[in-house]
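# Okay, here's the prediction I keep looking at, along with the sequence it came from:
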Amino acid sequence: MKIEVKNVSKKFKNNYVFKNVNLSFEEGRIYGLSGRNGSGKSVFLKIFCGLYSPTEGTILFDGKDYNSYNMFVPNLRALIEKPSFFPNLTGLENLKLLAKIQNKIGEKDILKTLEDVNLIEEKDKKYSEYSLGMKQKLGIAQVLMENPKILIFDEPFNGVEEESVKKISKILVEEKKKGKIIIISTHIKDDLEKISDVIYHFDNGIVK
């Protein structure tokens, strides 16, 4: 798969967040999006996922512009800004509910993913009782669990302890080797440099 971002701009009212962005993403690579908070990384990812429409330009997934058809990109999963789940359900119950939408995986697959992100011991806790780091790990788990082709993470390690950051980073490197496209946005440069093959920098409306 190849993803091409062609002359994409986004403005709210009269203010451009970024202009004329041209990037490419190819399978089997991890891409980092760096830049300070408020530099437009999350807005870009929302356009990428079809949650926002670009003011100008297109994003082509193997030549297809899903945004113009008002369609979500198939085989893409994302964690953008912060996770949001049902507070009165447990972590496991929330993921099982999500998995029912497409019925691709069963409880065994979900439990393995919770093990992978170091959340298995908290699987029966209510989401409302989760710490910030636990919430982030549950968000990461929902991206990973259905084995998507494109994985999007926006500030995924916010509040996550170092041991889990290292473990999840290793998992992402292994996922890359399976030919996936992985995009990680963060203002923490060290997190990106350790695992990214390519880093794009957002600054004052310019992306390069």
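Cool, the structure landed.

# Mind jotting down where the strands sit in this protein?
Secondary structure of the chain (DSSP state E): strands at 2-12, 15-26, 29-34, 56-61, 76-79, 150-154, 181-185, 198-203, 206-207.

# Going by mean pLDDT, which of those comes out lowest?
Least confident of the strands of the chain, judged by mean pLDDT, is strand 206-207 with a mean of 90.

# what's the weakest-modelled helix or strand in the chain?
Lowest mean confidence among the helices and strands of the chain (mean pLDDT, DSSP states H and E): helix 189-195, at a mean of 84.

# can I get the CA coordinates of that one in PDB?
Coordinates of each C-alpha in helix 189-195 appear next as PDB, following Å, rounded to 0.1, in the frame of the first residue of the first chain:
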ATOM      1  CA  LYS A 189      11.400  13.600  20.100                       C
ATOM      2  CA  ASP A 190      13.200  10.800  21.800                       C
ATOM      3  CA  ASP A 191      10.100   8.500  21.500                       C
ATOM      4  CA  LEU A 192      10.100   9.000  17.700                       C
ATOM      5  CA  GLU A 193      13.900   8.800  17.000                       C
ATOM      6  CA  LYS A 194      14.100   5.300  18.700                       C
ATOM      7  CA  ILE A 195      11.700   3.600  16.300                       C
END
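
# Am I right that residue 26 is in contact with residue 61?
No - using C-beta atoms under 8 Å, residue 26 makes no contact with residue 61, being 11.9 Å away. Quick note: C-beta positions are derived from backbone N, CA and C, even for glycine.

# Looking at the two, which has the bigger crowd around it?
residue 61 (21 against 14; other C-beta atoms under 10 Å).

# With distance to residue 122 as extra columns, can I get the strands of the chain in TSV?
Output for these, formatted as TSV (distance: least, C-beta to C-beta, whole Å):
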stretch	distance to residue 122
strand 2-12	34
strand 15-26	33
strand 29-34	27
strand 56-61	35
strand 76-79	18
strand 150-154	20
strand 181-185	23
strand 198-203	32
strand 206-207	37
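
# These: which one's closest to residue 114?
strand 76-79 (15.1 Å; C-beta to C-beta).

# by contact count, what packs against the closest one?
helix 132-144, strand 150-154 (3 or more C-beta pairs under 8 Å, 6 or more residues apart in numbering; DSSP states H and E).

# Walk me through which strands it pairs with, and which way each runs.
strand 150-154 (parallel) (DSSP bridges).

# what comes up buried for the strand it pairs with?
Neighbour counts over strand 150-154 (16 or more other C-beta atoms under 10 Å) mark 150-154 as buried.

# quick check, nearest of these to residue 179?
residue 150 (11.0 Å).

# Can you pull the phi and psi angles for the residue nearest to residue 47 when sequence neighbours are not counted?
Leaving out its chain neighbours, the residue that sits closest to residue 47 by C-beta to C-beta, 6 or more residues apart in numbering is residue 54, at 5.2 Å. As for residue 54, its main-chain torsions (degrees, to the nearest 10) stand at phi -70, psi 150.

# hang on, the earlier thing: and the least confident helix or strand of the chain, what does it pack onto?
Using 3+ C-beta pairs under 8 Å, 6+ apart, helix 189-195 sits against strand 29-34, helix 162-177, strand 181-185.
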